[in-house]
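Student: With the sequence up front, the predicted model follows.
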Amino acid sequence: MGELLFDVIPLGIGAAFTPSLFAIQLLIVASDPWKVLALAAFFGAASAFGIAVTILLLGFAQLPTSTGGTDIVDVVLR
C-alpha cells in the first residue's frame, strides 16, 4: 500500500498544479502588461518549486544510512 502511495502522490500533485499554472499563464498573456506579470508568475512558480525540492532533499538527508545491502532501493539511494 505504501509503495502505491509513493508512486501515485507525485502524479496527483502534478495533475493538480499543472492545469492551474497553465490557466494562470493564459490569463497573464491575455492582459496588457504581460511581460512583467509573466516574470512575476515565473519567479513565483520557481520559488514554490525550489521550496518543495528543498523540503524533499532535506527529508532524504534524514534517512538512515545503508547497511551495504544489494537491494535495488539501496543502490538507488547511494
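Tutor: Thanks, I have it. Small disclaimer: the values here were computed from a predicted structure and weren't measured.

Student: Give me the outermost residue of the protein relative to its centroid.
Tutor: Centroid-distance maximum for the chain: D32 at 30.2 Å, with Cα atoms, centre = their mean.

Student: in this protein, which spans are helices?
Tutor: Using DSSP state H, the helices of the chain run over residues 2-30, 34-61, 72-77.

Student: would you list those helices in TSV and tack on mean pLDDT?
Tutor: Shown next, in TSV, are these (pLDDT from 0 to 100):
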stretch	mean pLDDT
helix 2-30	74
helix 34-61	84
helix 72-77	70
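
Student: Columns mean neighbour count on top of those helices, output as CSV?
Tutor: Backbone N, C-alpha and C define where each C-beta goes, glycine included. Formatted as CSV, the helices of the chain follow (neighbours: other Cβ atoms under 10 Å):
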stretch, mean neighbour count
helix 2-30, 10
helix 34-61, 11
helix 72-77, 10
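
Student: picking up where we left off before, list the residues that contact the residue farthest from the centre of the chain.
Tutor: Counting by Cβ atoms under 8 Å, 6 or more residues apart in numbering, D32 makes contact with nothing.
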